[in-house]
Every structure is written in structure tokens, then in C-alpha cells.
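Colleague: only geometry, no sequence info:
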């Protein structure tokens, strides 16, 4: 079957994630060692011994999530599942880049460690910024509400599904937007526990610094189908992947478009290769006829591959 690996992003983390893969696979243990070397931190300790608060810190979350995602993908391949495509949500796009052969795993770990640190710092320097999830209101309606309210420091950061988005901006503008969106019919508006306005122009400081690191790294053409958060479309070259890799920090995640393009490209199934089932839920909400199965634990992966 033609399979696409989907890698989840920040927010799906939990203490002990990927431990079952680590304990049952030497290749995964080697992967953790490579990640630790590249990121200059003990990833085994971070994933298995940290509490929720430590894992929630962006500088830790991002490297932890890509390590867990890469471990899940490696385990899936050890169980005979070979992907023909890859996509990832926000920082989850980085293990997708590695899976597609665009960058090495070592460079992926090295760059993501810096990405998390830079985005953490940019959030602290922004003077007060945040994000909120908006449920049961269309992206078009959310855009209209923000526009009609005249908000200049508030944007849609994540186009998650036809009935769910995340907005990003200054705390002042987000507070106004939250009230306006409730008045417009949003059933729930939930302030997220994040350290900054990710995927918005307020991350410009992180973008500028990260772009220099990306430019100095080798990017190859994708060896399997690869999809971009920035455009929602298939990535056609290494040069294109490199450009989007840094732009992604200040651009919205166009996940709805990615789901549509993956479906249109004739995949038979998608596997959520990483912690949790957030992407599986968003996929079901998209109405795609293609199935999506969460395989972020060894038990789930074994049950699927039987």
C-alpha cells in the first residue's frame, strides 16, 4: 500500500514517549545517541526522565518531538512499512525532511535543537505574545473577524481543519480576537500554554538567525513525496525545501491544504509516526477517504502491522 508518514508537532509530547521503541530496538538506541551528539544534550534523559513542565519548554519540546518521531518512523520501517511520502506538522516537518532524504538525521537533530532555542528566545523578546485555539469556526470566518476588528498583530498560525484553527499574536490583540471570535460563534477559544507567537511575523528574530544556519546546510532533492507547511503543496527540489525550512517559522501551517494534496496524490493510507493522535484526529475531520492510523507506540504499531 502507498503510505505517507505524518509527524506530529509541539503539543503532543509526554514524558516517556518513544521509550518502548528505545527498549526494543538497537537501531532506535543508536538514533538516540546520534540525536544526543548532534543536539549536545542527553535525549534519553530528556524524553524518559523529564516532567511535563520541562518537556513543555520550547527549547526542549522541539528536539524531543523530532527524536520521538524519528524513532517511530524507524520502528515502522523495521516492521516492514516503507513510506512513499512524508509530511509533518510544524516542527514535525523536520523528521519528514529527513525521511525524504532531504537532510541527514544528524543535521536534522542539530538544526532543530537550535530552532527550539531561537524560537524560545524570540518569544521571550517579543514583549508578550501568545496563541489560542479556535474551535468550530471556519478559517474564512476567523480571517474575517480578525480583519473586521482591525487587528494588526494577530494572524492565523495553524490551518488545522475546516473547523479548527490556531491564532497567533500579541497578548493584547489575541485577547481582543478571542472575545470577537466568541461573539462570532466560536464554540471554544482556548489560550495555549506556549512561549511565543509561533508561525507569525513576531518570530522574525528567530527566522533571521535560523535562516543563516539552514543556508549553511546541505539540502538534497526529495527521494519520496514531501509536503510543505508553507505552501501546503509537494516540495519539488532541495532548494525549495531549504527556502521553506526557515520561512516556516514565520508562516502559517497550511495543514488543510497538505491533507488535500496527500489525498489527491493517491496514497492508500497515512500513519501518524510520533506521539499521540492529534494528526489522526485532524485527518478524520478533513473528510478524506484515505485512512490515517496512529502508530506512535510499539503496541499500536505491532497491531497495525499484523
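Modeller: Perfect, thanks for sending it. Please read all numbers here as calculations on a predicted model, not as lab measurements. Numbers count the residues shown, from 1 in each chain.
Colleague: where along this protein do the strands fall?
Modeller: For the chain, the strands defined by DSSP state E cover 3-7, 85-88, 129-135, 154-161, 164-170, 188-191, 225-226, 269-272, 291-294.
Colleague: The shortest one pairs with which strands?
Modeller: Within its sheet, and counting by DSSP bridges, strand 225-226 is paired with strand 85-88 (parallel).
Colleague: distance between the strand it pairs with and the chain's centre?
Modeller: Its chain's C-alpha centre and that of strand 85-88 lie 10 Å apart, by Cα atoms, centre = their mean, to the nearest Å.
Colleague: pLDDT on that strand, on average?
Modeller: When pLDDT is averaged along strand 85-88, the result is 98.
Colleague: Let me see the ranges of the helices in the stretch 1-150 of the chain.
Modeller: Assigned by DSSP state H, counting those that start in this stretch, the helices in the stretch 1-150 of the chain fall at 19-24, 26-39, 43-49, 52-56, 58-78, 93-99, 105-125, 139-148.
Colleague: tell me what the second one is packed against?
Modeller: Meaning helix 26-39. Applying 3 or more Cβ pairs under 8 Å, 6 or more residues apart in numbering; DSSP states H and E, one finds that helix 26-39 contacts helix 19-24, helix 43-49, helix 58-78, helix 105-125. (Glycine included, C-beta is placed from N, CA and C.)
Colleague: wait, isn't residue 82 in contact with residue 1?
Modeller: No - the pair residue 82 / residue 1 is not scored as a contact, 9.9 Å apart, by Cβ atoms under 8 Å.
Colleague: ranking the helices and strands packed on helix 26-39 by burial, who's on top?
Modeller: Among the helices and strands packed on helix 26-39, ranked by average contacts under mean count of other Cβ atoms under 10 Å, first place goes to helix 58-78 (a mean of 26).
Colleague: Who are the packing partners of that helix?
Modeller: Using 3+ Cβ pairs under 8 Å, 6+ apart, the elements in contact with helix 58-78 are strand 3-7, helix 19-24, helix 26-39, helix 43-49, helix 52-56, helix 93-99, helix 105-125, helix 298-305.
Colleague: Thanks again, I'm all set now.
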